[in-house]
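Participant: need the 3D shape of this:
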Amino acid sequence: FYRQQERRRVSGLLPLVDMHLLGQRRFALGALLVLLVYSTSSSFFLCFALLVQSGLGLDPFVAGSIFAPCSVGFVVASLVAPRLVARWGTSAIVAGALVYAISIGLLIAQVQVAGSGLEPTRLIPVLIVVGAGQGLIMTPLLNLVLGFVEEAQAGMASGVISTVQQVGAALGVAVVGILFGTALAAGGAVAQTGQYASAFVSGMLYNLGAALLVSVLLLMLSRAQRAAG
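Facilitator: Presented below is the predicted three-dimensional model:
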C-alpha cells in the first residue's frame, strides 16, 4: 500500500493517503493515541455487557439502564472538555486521561473484590466517572491530533484518523475478547458469576494498561509542546 501510494504521488496523481503525513512525528503519535483510546471504548462495552447479561443474568433493558449513567458522564464531560482545553491546553487532556485510567482501575478493583457477590447497581458511581474520563479525552484528543497538520492536509488527516478509530475499536474487541474468553474458559465448562467477574477483570486489564500508556504519551507530548513554544 505504501509503495502504491508513493508511486501515485511521484506520478503527479492524487494518493489516497500521503505517506508523508504519517511521517510527521506528532501526527503519527496522535494517531497512536487515538488507536489506543478507541480500543478501550468498544472493548469496555463488550466486557460490561458480558458481565451483567451473561454473568449476572440481567435482561438487556436493565443492563442498559445500569450503564446509562456512564453515557451521562460522557455527555457532560464532553461539553465541559473544550472549556478546560481552552484554559489549560494539552494538560487538560492529560488530566482527562488520568481520570479515565484511575476510574478503570477503580472499576476493576470493585468487581474483583465483589466477585460472585457483585451488585451491579453499586457500579453506577464509578461508571459515571469512566464515562466522564472518556468524554474528557476523546473529543479534545481528535481536535488536538488534527491540529498537528497543515490546513491543506486536514481532509486527508481526518480520513486517516477515522480509519484509525475503527481499527482501534476492532483491535480492542479482539484483544479483550481473547483475554475475557480465556479467563472464562479456565474456570470450567459451566461459568458462574464469580468466573465472569474474574474474566471481566482480566479483559479490563488491557484497558487499564492502554489508558495508562495514553496518559504517559500525552504527558510527554504536553512537555514537548511547552518546550517548543
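Participant: quick check: closest non-adjacent residue to Val62.
Facilitator: Nearest in space to Val62, with sequence neighbours left out and distances taken as Cβ to Cβ, 6 or more residues apart in numbering, is Val52 at 8.0 Å. All C-beta atoms are positioned from the backbone trio N, CA, C, and that covers glycine.
Participant: and that neighbour, helix, strand or coil?
Facilitator: The three-state label given to Val52 by DSSP: H, G, I helix; E, B strand; the rest coil is helix.
Participant: give me the neighbour count for it.
Facilitator: By the measure other Cβ atoms under 10 Å, the count of residues near Val52 is 23.
Participant: residues touching it, list them.
Facilitator: By Cβ atoms under 8 Å, 6 or more residues apart in numbering, the residues touching Val52 are Leu58, Val62, Ala63, Ile66, Phe67, Pro120.
Participant: looking at those, which are in helices?
Facilitator: With helices taken from DSSP state H, the overlap with the contacts of Val52 comprises Val62, Ala63, Ile66, Phe67.
Participant: weed out the non-buried ones from those residues.
Facilitator: Among the ones in helices among the contacts of Val52, the ones that count as buried by 16 or more other Cβ atoms under 10 Å are Ala63, Ile66, Phe67.
Participant: and of those residues, the nearest to Glu151?
Facilitator: Phe67 (39.2 Å; Cβ to Cβ).
Participant: tell me the pLDDT of the closest one.
Facilitator: Predicted confidence (pLDDT) for Phe67: 93.
Participant: mind checking which residue lies nearest the centre of this protein?
Facilitator: With distances taken as Cα atoms, centre = their mean, the residue of the chain nearest its centroid is Val37 (2.7 Å).
Participant: and the helix or strand harbouring it, what other elements does it pack with?
Facilitator: When elements are defined using DSSP states H and E, Val37 is found to belong to helix 25-49. In terms of contacts (3 or more Cβ pairs under 8 Å, 6 or more residues apart in numbering; DSSP states H and E), helix 25-49 is packed against helix 19-22, helix 90-114, helix 124-146, helix 154-185, helix 193-228.
Participant: go again using 10 Å as the cut-off
Facilitator: Helix 25-49 sits against helix 19-22, helix 60-88, helix 90-114, helix 124-146, helix 154-185, helix 193-228, with contacts defined as 3 or more Cβ pairs under 10 Å, 6 or more residues apart in numbering; DSSP states H and E.
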